[in-house]
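Trainee: Here is the input, now give the coordinates:
(one chain, ligands or ions: 1)
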Amino acid sequence: MELGAVLPMTAEVKGGHLYIGGVDMVALAKSQGTALYVFDEAHLKHRMHEYLSAFRELYPNSDVIYASKSFLNKEVVRLVNAQGLCLDVSGGGELACALSVGFPAERVFVHGNNKTPLELREAMQAGVGRIVVDSFDELDRVSVIAGELGITQDILMRITPGVEADTHEYIRTGCEDSKFGFTMKDSFALQAIGRALKTENVNLAGLHCHIGSQIFKLDPFAEAANVMVQLMDDVRKEYGVTLGELDLGGGLGIAYLADDEPASVEEFAKMLTSAVKDACSKFSFPEPRLLVEPGRSITANAGVTLYTVGTIKDLPGIRKFVAIDGGMSDNIRTALYHADYEPVIANKADQPRTEIVTLCGKHCESGDAVVLDMPLQSAEVGDVACVFGTGAYNQTMASNYNGQPRPAVVFVEDGNARVVTRRETYEDLYRRDV
Ligand code: LLP
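Mentor: Residues are numbered from 1 along each chain as shown. A predicted model of the protein is given here:
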């Protein structure tokens with residue numbers, strides 16, 4: 001398997017079978033059923049540790065905030081906590097999951113462009129570390145709720161730095177035409193910050209930006225860092241306030257295809273920390289606490305999805321469809337973004353991938369596919385197909401379309417497999433109905 005950075009760290013082929021974490025994926029598919037999300041626990045821990053140590057080494061006053069929207073369950077929150085990372089939540093349910101396993105609320109950062117009053121109240125009552133304020137309406141809401149609770153809430157303000165990242169338009173967020181944050185245009189952000197500084201019951205701890213996701217070229221990150229430090233300097237000049245925190249969001253790209261060459265975490269850390277340091281010395285601004293919020297670059301390559309091949313249709317001159325027992329319900333990214341993935345047949349992992357096929361799903365839509373026109377070993381009914389790089393934004397974006405129960409999540413490490421989220425049952429699907 002020449003799949004390089006696409007693979008989970010412990011992937012290997014033994015006796016023709018794909019193994020991850022020392023566990024035979026073919027046997028695991030048989031014992032747990034498919035579709036199945038499998039995570040290489042060593043890979044997850046390694047990436048979390050790698051991020052924190054890379055940043056702390058170059059910039060001691062930094063923290064890594066895991067973006068839970070990429071992959072979330074109780075066990076991953078426990079890992080994040082054990083590895084010493086902070087946590088980004090973007091909805092009440094994500095916060096509830098974190099709190100349910102005792103994640104320290106003061107290390108939680110709350111995101112979202114339209115957090116509901118209830119979500120804000122729950123977050124503040126729990127004592128979250130930072131609320132990342134996205135609009136004037138929200139600033140007012142946070143102020144009122146904090147007043148009612150008798151607290152002063154630490155906030156960051158989300159700024160749109162006007163930086164274009166080279167990625168899919170749906171996941172580009174730093175440009176002017178964005179629903180997120182306060183725009184830099186016409187000094188709007190500066191004025192908004194002035195208003196926040198005067199707002200009661202909140203303490204403006206710093207600024208936040210997030211330019212997008214799955215970004216390969218690092219320059220826009222440096223550009224954003226520069227813009228943000230300059231803005232902090234403007235704030236100091238205009239209001240005499242020196243903000244102490246700068247959160248530069250997530251977005252580092254990963255390898256979905258064998259020949260993708262994303263930057264390493266180390267390169268990312270080097271680029272970001274030196275951009276911040278350079279900008280700070282340019283403006284003689286004291287180096288702030290630096291925050292980053294990676295999601296995909298921690299989880300994507302740690303996870304794979306296993307499926308069983310059910311039907312095969314060879315349409316001569318058109319395409320070969322290999323249908324699997326999942327699809328857009330467990331991986332919406334292909335239908336939504338035309339995402340690319342590398343597949344293998346886990347029980348033929350030592351064989352060459354000689355056919356070009358589309359791994360289509362079982363749902364009632366023509367656009368329902370997980371892998372579009374990629375090489376695969378000659379597939380037969382009953383084979384176990386493994387799709388790599390599915391650890392981010394698959395489980396968290398899953399649905400029950402066509403009454404499909406969502407897959408179980410299994411962590412594998414040192415030859416052991418443990419179910420950390422059980423498979424949904426039909427009963428789960430209709431439990432809320434009256
Ligand atoms: N911080 C903020 C404020 C974000 O909005 C996001 C992602 C992240 C951090 C984490 O970014 P990452 O390191 O994972 O790139 N569903 C899309 C991705 C949407 C990203 C949303 N925000 C996909 O499947 O590609």
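Trainee: what stretches of the stretch 151-300 of the chain score poorly on pLDDT?
Mentor: Applying pLDDT under 70 to the stretch 151-300 of the chain flags residues 167-175.
Trainee: now the strands: where do they sit in it?
Mentor: In order along the chain, the stretch 151-300 of the chain carries the following strands (DSSP state E, counting those that start in this stretch): 153-160, 182-183, 202-208, 245-247, 289-292.
Trainee: ditto for the stretch 301-434 of the chain
Mentor: With DSSP E, counting those that start in this stretch, the ranges of strands along the stretch 301-434 of the chain come out as 303-315, 319-324, 343-345, 355-360, 369-376, 384-388, 408-413, 416-421.
Trainee: just checking, what packs against the shortest one?
Mentor: The elements that strand 343-345 packs onto, with contact taken as 3 or more Cβ pairs under 8 Å, 6 or more residues apart in numbering; DSSP states H and E, are strand 369-376, strand 384-388. Using the backbone N, CA and C atoms, a C-beta is placed for each residue, glycine as well.
Trainee: Give me the mean pLDDT for the shortest one.
Mentor: This points to strand 384-388. Per-residue pLDDT values across strand 384-388 average out to 98.
Trainee: neighbouring contacts of that strand?
Mentor: 3, 6-8, 18, 25-26, 29-30, 34, 301, 304-309, 322, 324, 331, 341-347, 349, 359, 370-371, 376, 379 (Cβ atoms under 8 Å, 6 or more residues apart in numbering).
Trainee: how does it look with 6 Å?
Mentor: Residues from elsewhere that reach strand 384-388 (Cβ atoms under 6 Å, 6 or more residues apart in numbering): 6, 18, 25-26, 29, 304-307, 309, 324, 341-347, 370.
Trainee: Show me what from the stretch 251-400 of the chain comes close to the ligand.
Mentor: Where proximity means Cβ under 6 Å from any ligand atom, the interface of the stretch 251-400 of the chain facing the ligand comprises 251-252, 293-297, 333, 393.
Trainee: Identify those among those residues that sit within helices.
Mentor: Secondary structure assignment by DSSP state H places 296-297, 333 of these in helices.
Trainee: And residue 226, how close does it get to residue 280?
Mentor: In this structure, residue 226 and residue 280 are separated by 10 Å, where distance is defined by Cβ to Cβ, to the nearest Å.
Trainee: now the residue in the stretch 1-150 of the chain that the ligand sits nearest to, nearest residue through space, not along the chain?
Mentor: Scanning the stretch 1-150 of the chain for the residue nearest the ligand gives residue 67, at 3.5 Å (criterion: Cβ to the nearest ligand atom). Ranked by Cβ to Cβ, 6 or more residues apart in numbering and with sequence neighbours excluded, the top spatial neighbour of residue 67 is residue 295, at 3.0 Å.
Trainee: Distance from the biggest helix by length in the chain to the middle of the chain?
Mentor: Among the elements of the chain assigned as helix by DSSP H, the one spanning the most residues is helix 219-239. The gap between where helix 219-239 is centred and where its chain is centred comes out at 25 Å by Cα atoms, centre = their mean, to the nearest Å.
Trainee: Is it positioned near the ligand?
Mentor: No. Applying Cβ under 6 Å from any ligand atom, one finds helix 219-239 out of contact with the ligand, separated by at least 11.3 Å.
Trainee: May I see the buried residues of that helix?
Mentor: Within helix 219-239, the residues that qualify as buried are 220-236, counting by 16 or more other Cβ atoms under 10 Å.
Trainee: Tell me which other helices or strands that helix touches.
Mentor: With contacts defined as 3 or more Cβ pairs under 6 Å, 6 or more residues apart in numbering; DSSP states H and E, helix 219-239 has these neighbours: helix 188-198, helix 265-282.
Trainee: Could you rerun that using 10 Å?
Mentor: Counting contacts by 3 or more Cβ pairs under 10 Å, 6 or more residues apart in numbering; DSSP states H and E, helix 219-239 packs against strand 153-160, helix 188-198, strand 202-208, strand 245-247, helix 265-282.
Trainee: How far away from the center of its chain is the third one?
Mentor: This points to strand 202-208. 23 Å.
Trainee: swap in the longest one?
Mentor: Averaging C-alpha coordinates over helix 265-282 and over its chain gives two centres that are 22 Å apart (Cα atoms, centre = their mean).
Trainee: Repeat that for the second one.
Mentor: Its chain's C-alpha centre and that of helix 188-198 lie 30 Å apart, by Cα atoms, centre = their mean.
Trainee: contacting residues around it?
Mentor: Among residues not part of helix 188-198, those counted as contacts by Cβ atoms under 10 Å, 6 or more residues apart in numbering are 133, 135-136, 139-140, 142-143, 155-162, 181-184, 187, 202-204, 207, 209, 227-228, 231-232, 234-235, 237-241, 243.
Trainee: Now do it and strand 153-160, the angle between them.
Mentor: 170 degrees (axes from the mean of the first three to the mean of the last three Cα atoms, to 10 degrees).
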